[in-house]
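[1] Got a predicted structure here, sequence first:
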Amino acid sequence: MDTSPPVLNDDRCGVPTDSVTQIVTDGDVLLVVGPSQHKIQVSSHFLKHISPVFRAMLDAPMKEEEALANKCDDDAPVEIVLPEDKEQPMMQVLHTLYGSDPSARRFSKSEVKEIAILAEKYGMVERIAIFASFWLRNAVKKSISEITKHVWNTLVVAYILKIDWAFFDITKAILQTRTSLLKFIGSFHDKHTGLRLGMAIEELRSTYLAMMARSRTEMGLCLFCFSHATEFFTQQRAGCSYPDRHFPTHRLA
């Protein structure tokens, strides 16, 4: 996860309105996002309200905080440069949280994945997760013959936003697939978590196949137990409220 500090851009004059995406029309902050340096106008109050990361950034003893403190009503917005972020998910996150944007219902799974990654970076997962009910509704069919990019993106969203029922349903649906996970793990934004997820799915598959054919029970992964696993991903852990999300032989006595 990138932790590069924001950069204050002192050249704030003469920015045409049509080159700026306005979330808050009279906002006192311009986020300059990504390699394209796309500008997004918001208010510092809104940013601090939705994100503890932005709050810490704007309240820290930095040039941005000093510029905001000394800013007059007719001054140009203070620019904060975020070179490592992507402009599209940043706009989508801010639009969604500021105005309950109806277009949020039409985001593709690829877009939702990028939104979830950005929300995780800026501590906005709980706020974004309330939209998961329609992003992940009918997320997967009851059975899947192969793991596609769409399916993997859906699983990533369920994991990042901590939607336990969707995480279980998706991993259950891919239980009997034979798709290699290597390419998906390699592209995961968090390599450590990507590797754990790949190992967990392989453990789920091997546990299922090791059962006698007549006693096999299709099962997915429990998000709580996956997140806290230290030895086995499929074993129910103390504190888990979902014994039915584990193979009968892997439940607590």
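    Nice, I can see it.

[2] ranges for the strands of the stretch 1-150 of the chain?
    Ranges of strands in the stretch 1-150 of the chain, per DSSP state E, counting those that start in this stretch, are 7-9, 20-22, 29-33, 38-42, 78-82.

[3] To Ile144, which of those strands lies closest?
    Of all those, strand 29-33 sits nearest to Ile144, with 35.0 Å by Cβ to Cβ. C-betas here are computed from N, CA, C, even on glycine.

[4] Point out the most buried one among the strands of the stretch 1-150 of the chain.
    strand 29-33 (a mean of 24; mean count of other Cβ atoms under 10 Å).

[5] That one - contacts with which helices or strands?
    strand 38-42, strand 78-82, helix 87-99 (3 or more Cβ pairs under 8 Å, 6 or more residues apart in numbering; DSSP states H and E).

[6] if you set the cut-off to 10 Å instead, what comes out?
    strand 7-9, strand 20-22, strand 38-42, helix 44-50, helix 52-59, helix 63-69, strand 78-82, helix 87-99 (3 or more Cβ pairs under 10 Å, 6 or more residues apart in numbering; DSSP states H and E).

[7] That one versus strand 78-82: what angle between them?
    20 degrees (axes from the mean of the first three to the mean of the last three Cα atoms, to 10 degrees).

[8] which non-adjacent residue is nearest the spatially most central residue of the chain?
    The residue lying closest to the centre of the chain (Cα atoms, centre = their mean) is Ala116, at 2.0 Å. Closest residue to Ala116 apart from its sequence neighbours, by Cβ to Cβ, 6 or more residues apart in numbering: Ile160 at 4.1 Å.

[9] Next up, the contacts around that neighbour.
    112-113, 115-120, 125, 128-129, 132, 189-190, 193 (Cβ atoms under 10 Å, 6 or more residues apart in numbering).

[10] repeat that for 8 Å
    Residues in contact with Ile160 (Cβ atoms under 8 Å, 6 or more residues apart in numbering) are Ala116, Ile117, Ala119, Glu120, Val125.

[11] now do Leu155
    Leu155 sits in contact with Phe167, Ile170, Thr171, Ile174, Leu197, where contact means Cβ under 8 Å, 6+ apart.

[12] Adding pLDDT, secondary structure and distance to Leu58, write those out as a markdown table.
    A markdown table is the format used below for those (pLDDT from 0 to 100; DSSP: H, G, I helix; E, B strand; the rest coil; distance: Cβ to Cβ, whole Å):
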| residue | pLDDT | secondary structure | distance to Leu58 |
| --- | --- | --- | --- |
| Phe167 | 97 | helix | 33 |
| Ile170 | 95 | helix | 37 |
| Thr171 | 96 | helix | 39 |
| Ile174 | 94 | coil | 42 |
| Leu197 | 97 | helix | 34 |
